[in-house]
Each structure stands twice: as C-alpha cells, then as structure tokens.
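J.: Okay, sequence plus prediction incoming.
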Amino acid sequence: MANKLHAAITGVHGWVPEDRLTNFDLEKMVDTNDEWITSRTGIRERRILKTPGWATSDMCAEAVKGLLEKTNTKPGEIDMLIVGTITGDMVFPDTANTVCDKIGAKNAFGYDINAACSGFLYALATGTQFIQSETYSKVVVVGADMMSSIIDYTDRNTCVIFGDGAAAVLLEARKDGTGIQDFVLRGDGSGREFLHMKAGGSLRPASAETVANREHYAWQDGKRVFVQAVKGMTGTVEEVMRRNKMTIEDVNWIVPHQANMRIITSVAEHLQFPLDRVTVNIHKYGNTTSGTLPLCMWEYEDQFKKGDNIILTAFGGGFTWGALFLKWAY
Ligand code: UT7
C-alpha cells in the first residue's frame, strides 16, 4: 500500500571465506562419497573460515563493510545492528556489539538472536519493528554462522551439510509500497530434542567429560528435522500467501533456507511452485545456518526487480520456523 511506511531492504551484501571444503575432501575424512552427498543434499562444497584469530564477528564485519560501501552509508549513521547467529564469538558478550566495534558504528547498539537456521528471519522481523515504529532510521540485520566451529568432522550425519558464511541487509523506511509486508513466525521448543548442541550451556557446562564425549558439536536427528522442515516451511508460506490473498502466480521468488536440496524441492513441489523461481546456492555454500537467506538474496540481487513479491522461509533448531513476505525495494 503506497504512502504507508514499510521497513525495506535497501541493500544486501555477503562475505564467505576463501577456503573450500569439497565433497572429495570429505571422502578422505569420513565414510562418505561425492555421489551420496550430491544426490542426498545437493551440496558440492562449503566454505570454511581458517584465518587465524577470525571468528563470526569478522565475517559479519566484512559483510557489513561491503554493505555500507554499496549503500553509501557511514558507520556512524547506523542506529542498530542485529546478528542472527548460534556461533557467536563468545557465550558473552554478544557478537553484535563486537561487530559494531569492528566497523566503527559508534552510535549503534545491538544484540544477537539465537534461532538457529531461522535466526535471520527472526532478526529481520525484529529490525522491521524498529523501522516501522519510526524509532530508528537505519537498522542493519546480519545472518552469520561459523558452523565449522561446532561441527564434528568425524560425524558424517552433520559434517557434510554445514559451512561458514555471513551476509547483511540494510533496513530503511520506504513509503512507495515496497518493503516488508507481513510475516508468520513460529516456534516449538519440544523440537529441541532433535537438533541441538548437548554441552557448553548451563544445562551441561563444559567439563573434561563433555569434551571427551564430543558433546560440544551440533547434533541432529536428520530424518526428523527433514520432515518437520518441509512441513513448517510449506505451512508458513501458504499462510502468508493466504493472509495476503496471493496465488502462486503473484509470487515472483521464494527464498528458502538452504539445508538440503531435497527439502527445497519438496517445499516447492508441495506448493506447486516452479523451481526456477526458487533461489538456490546450496551447492556452493551448504547450510550456513543464519547465513543462508541473506546469502541467497545477495546472490540473486541482480535478478530481483523493484516491486517483486518475494517470500523468505526458514526452519531450524528450536524448532523455529516461519515465512516473511516483502516487496523488493530497488
Ligand atoms: O537447517 C536445519 C538443520 N538440518 C537439516 O535441515 C537437516 C535435515 N536432514 C537432512 O538433510 C538429511 O536427513 C541428512 C542429509 C542429514 C541425511 O540424509 P537422509 O537421506 O535422511 O539419510 P539417512 O539419515 O536416512 O541415512 C540413510 C543412509 C544410512 O545408511 P543405512 O542405515 O541405510 O545403511 C546412513 O548411515 O545413509 C547413511 N548416511 C551416509 N552415507 C554416506 C548418512 N550420512 C551419510 C553420508 N555419507 N554423509
């Protein structure tokens, strides 16, 4: 609706490490093979952060620096910075504050949102509120994870899927009808049983025993997560479409979380949505958790047109999931 103020994405930029971990590299590390990984997940390689002393905040800082340059924004103009991540540099303080320091955003405050693979979606919905309420003018939302820091490279159920990466968007007000229109966010804490890190939190603080038991890594019941991911993403996309009286033809793009190509295909099939309007970069980066949605938008930025109806959808540990509908602003 024109004249109504919406929070709009006015720029997107990503950053991924240079080092690649290919399926062939993984063949030498665990009992797996390129054929299995490609056919079961669609992933061919992932990026791994190896720069000494670098962590999630450094990937965020690189993505945000590129974003600011691209959008002609000075660090001091940022009011707020939110990071969706489950692999913050430290348990505390939060990574958003570290990122503000590293990029010189002296007037900003921020915090992290821990919603696993839905982290960016939750963070984007949160940032939207601060723009729509006219509390702030420029909010940066980052999705970033250094999954290699919590992956057990002896566990073939998880190590073939995940990778590292970060991407950021700038949110500003628009009154031309573009921007974030609606979202549906969901959560079900009983799902924690199927996707989690067993130790390192207050439930099981780090000890010699938790390290010996390899409990400081991401663990999942892949099949269970797979089924719920298809159900959750399909359901919330349908709900957002229904609420906004949209048909498949009205939607230009679906930007889904990149966890497994078979999940993406299955969601598209359930929705009867053509795959050529679904963003896919899983073959290059694997599952970067909070990074997947903004990395996809960065990758497809040149193909998006002003006014395009785009639905973002994600599912992750928690369980957390949802869908967000926006009209591309540039
Ligand atoms: O972003 C949210 C986080 N996670 C997800 O969304 C993940 C969702 N789940 C998945 O993507 C899939 O469940 C996986 C990729 C993790 C596993 O694929 P799957 O098709 O569900 O395989 P499976 O667990 O049913 O295993 C089938 C077979 C098993 O062998 P047997 O018991 O049939 O002999 C596994 O041991 O494949 C075996 N297997 C592997 N073989 C080669 C499991 N992982 C591998 C592997 N390489 N990496």
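T.: Right, received. Where do you want to start?
J.: can you tell if stretch 85-101 touches the ligand?
T.: No - applying C-beta under 6 Å from any ligand atom, one finds stretch 85-101 out of contact with the ligand, separated by at least 10.7 Å. Every C-beta, even on glycine, is put in place using the N, C-alpha and C of the backbone.
J.: how far does that stretch stretch from start to finish?
T.: 17 Å (C-alpha to C-alpha, to the nearest Å).
J.: and that stretch, how far from the chain's centre?
T.: 16 Å (C-alpha atoms, centre = their mean, to the nearest Å).
J.: Now it: buried residues?
T.: By 16 or more other C-beta atoms under 10 Å, the buried positions in stretch 85-101 come out as 85, 86, 87, 88, 89, 94, 95, 96, 97, 98, 99, 100.
J.: a strand runs through the second one, doesn't it?
T.: So that's residue 86. No - according to DSSP: H, G, I helix; E, B strand; the rest coil, residue 86 belongs to no strand; its state is coil.
J.: if we can go back for a sec, of the buried residues of stretch 85-101, which is the nearest to the ligand?
T.: Nearest to the ligand among the buried residues of stretch 85-101: residue 86, at 10.7 Å, using C-beta to the nearest ligand atom.
J.: Leaving out sequence neighbours, find the closest residue to the residue in the stretch 201-330 of the chain that the ligand sits nearest to.
T.: The minimum distance from the stretch 201-330 of the chain to the ligand, using C-beta to the nearest ligand atom, falls at residue 222 (2.8 Å). Distances taken as C-beta to C-beta, 6 or more residues apart in numbering put residue 157 closest to residue 222, at 5.7 Å, once the chain neighbours are dropped.
J.: I'd like to know which elements the helix or strand containing the one you found is packed against.
T.: Remark: residue 157 resides in helix 156-159, with elements defined by DSSP states H and E. Applying 3 or more C-beta pairs under 8 Å, 6 or more residues apart in numbering; DSSP states H and E, we find helix 156-159 packed against strand 218-220.
J.: Now do the strand it packs on: distance to the chain's middle.
T.: Centroid separation for strand 218-220 versus its chain: 17 Å, with C-alpha atoms, centre = their mean.
J.: Which neighbours in the sheet does it have, and how are they oriented?
T.: Strand pairing for strand 218-220, using DSSP bridges, gives strand 195-197 (antiparallel).
J.: so the residue nearest to residue 222 sits right up against residue 220, yeah?
T.: Yes - counting by C-beta atoms under 8 Å, residue 220 is a contact partner of residue 157 at 6.8 Å.
J.: can you give me the helices for this protein?
T.: With DSSP state H, the ranges of helices along the chain come out as 23-27, 34-41, 56-70, 95-103, 119-132, 156-159, 208-212, 222-243, 261-271, 282-285, 292-300.
J.: Let's have those helices in TSV, adding mean pLDDT.
T.: Shown next, in TSV, are the helices of the chain (pLDDT from 0 to 100):
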stretch	mean pLDDT
helix 23-27	98
helix 34-41	98
helix 56-70	98
helix 95-103	98
helix 119-132	98
helix 156-159	96
helix 208-212	98
helix 222-243	98
helix 261-271	98
helix 282-285	98
helix 292-300	98
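J.: closest to residue 184 out of those?
T.: With C-beta to C-beta as the measure, helix 222-243 is the member of those nearest residue 184 (4.7 Å).
J.: For that closest one, name the packing helices and strands.
T.: strand 179-187, helix 261-271, strand 309-316, strand 320-327.
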